[in-house]
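Colleague: fold the stuff below for me.
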Amino acid sequence: MENKEEFKDSKKRETEKLVHKLIRAIDEHPDKVNNYYDLGSLLTRLNDYEQAEELFMKALGIFEAKGDQSAINLLNYGLGNLYYEVGKTDKAINLYNKIEDKKLKADSYLMLAQSYMKKGQHKQAVAYGITAHELRAEDPEINQVLGDSLLALGEFTTAKKYYDAILKRHPGRADTQFNRGIVAMVLGEPYKDYLTQAKQLNPTYYEKSEKRLAEIEKTLRATQGKNE
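Modeller: Predicted coordinates:
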């Protein structure tokens, strides 16, 4: 137990050091946008949302006054990620849509796809996911959002293609294994291996998702009963 507490304290101290280091970097180089972005993103990860928002807004004021569009794009992306995290999805979408930077395009399209998926607007999620996929076809996050959106739309055969693309390189993803198992189950393919893998990789995720399995099995049995 002591070791666990010691580890927590050690991680906390490391994080505090990093926060202070980034604050010092901003003080020493107030013209470097990456320092603001890195600190804002770290505060977001630490769930210090109020401070993160304040920092991003302050930085946006600084770089908007300079007319530095590249910096504005990066800060809008960081602030969009913050709003996405706290569930202010429409605000996040608005910021992602403002980004014109080629380097950030694939990331912003991915976040747009994930934002629309969060809102349950799966057709829009697929549209943005495909645009992101054109820019970065092998990105597992892009393939995942496409697979999940298509699965929600009942486009099982197409969803299968994106899940398979992930599993070739990233077989250790429990969410992909689980959803690929659902697709296989619906398509009448062998599916138990995928579900076993998902359970082994992340038992907590599997338990949370088991209800979906039971509902799908029930629906499939009802459909088969009607067809007989």
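Colleague: pull the number of nearby residues for the closest residue to V19 other than its chain neighbours.
Modeller: Leaving aside its sequence neighbours, V19 sits nearest to L42 (CB to CB, 6 or more residues apart in numbering; 6.5 Å). Quick note: C-beta positions are derived from backbone N, CA and C, even for glycine. Applying other CB atoms under 10 Å, we find 16 residues neighbouring L42.
Colleague: same check on Y36?
Modeller: Using other CB under 10 Å, Y36 has 24 neighbouring residues.
Colleague: that one: which element?
Modeller: In this structure, Y36 sits in helix 33-45 according to DSSP states H and E.
Colleague: next SSE downstream of that helix?
Modeller: helix 49-66.
Colleague: buried ones in that following helix?
Modeller: Within helix 49-66, the residues scored as buried using 16 or more other CB atoms under 10 Å are 52-53, 55-56, 59-60, 63.
Colleague: so who does R169 touch?
Modeller: By CB atoms under 8 Å, 6 or more residues apart in numbering, R169 lies in contact with 138, 140.
Colleague: and the gap between it and Y36?
Modeller: 34 Å (CB to CB, to the nearest Å).
Colleague: if we can go back for a sec, what's the closest of the buried residues of helix 49-66 to T176?
Modeller: Set against T176, the nearest of the buried residues of helix 49-66 by CB to CB is A52 (29.8 Å).
Colleague: check whether the residue nearest to V19 really touches E16, as I assumed.
Modeller: No: counting by CB atoms under 8 Å, L42 does not reach E16; the two are 10.9 Å apart.
Colleague: name the helix or strand for the residue nearest to Q197 when sequence neighbours are not counted, please.
Modeller: Leaving aside its chain neighbours, Q197 sits nearest to Q177 (4.3 Å; criterion: CB to CB, 6+ apart). Q177 belongs to helix 174-186 when assigned by DSSP H and E.
Colleague: which residues of the chain score low on pLDDT?
Modeller: For the chain, residues meeting the criterion pLDDT under 70 lie at 1-10, 223-228.
Colleague: strands of that one, start to end?
Modeller: Applying DSSP state E to the chain gives no strands.
Colleague: just the CA atoms of stretch 202-222, as PDB, please.
Modeller: Below are the C-alpha coordinates for stretch 202-222, written out as PDB (Å, rounded to 0.1, in the frame of the first residue of the first chain):
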ATOM      1  CA  ASN A 202      -9.400  -5.000 -20.800                       C
ATOM      2  CA  PRO A 203     -11.800  -6.900 -18.500                       C
ATOM      3  CA  THR A 204     -13.300  -3.600 -17.200                       C
ATOM      4  CA  TYR A 205     -14.100  -2.400 -20.700                       C
ATOM      5  CA  TYR A 206     -15.500  -5.800 -21.600                       C
ATOM      6  CA  GLU A 207     -17.800  -5.900 -18.500                       C
ATOM      7  CA  LYS A 208     -19.100  -2.400 -19.300                       C
ATOM      8  CA  SER A 209     -19.900  -3.400 -22.900                       C
ATOM      9  CA  GLU A 210     -21.400  -6.900 -22.200                       C
ATOM     10  CA  LYS A 211     -24.900  -5.400 -22.100                       C
ATOM     11  CA  ARG A 212     -24.500  -4.400 -25.800                       C
ATOM     12  CA  LEU A 213     -23.600  -8.000 -26.600                       C
ATOM     13  CA  ALA A 214     -26.700  -9.400 -24.800                       C
ATOM     14  CA  GLU A 215     -29.000  -6.900 -26.700                       C
ATOM     15  CA  ILE A 216     -27.500  -7.800 -30.100                       C
ATOM     16  CA  GLU A 217     -27.800 -11.600 -29.400                       C
ATOM     17  CA  LYS A 218     -31.400 -11.000 -28.400                       C
ATOM     18  CA  THR A 219     -32.100  -9.000 -31.600                       C
ATOM     19  CA  LEU A 220     -30.400 -11.600 -33.800                       C
ATOM     20  CA  ARG A 221     -32.400 -14.500 -32.200                       C
ATOM     21  CA  ALA A 222     -35.600 -12.500 -32.700                       C
END
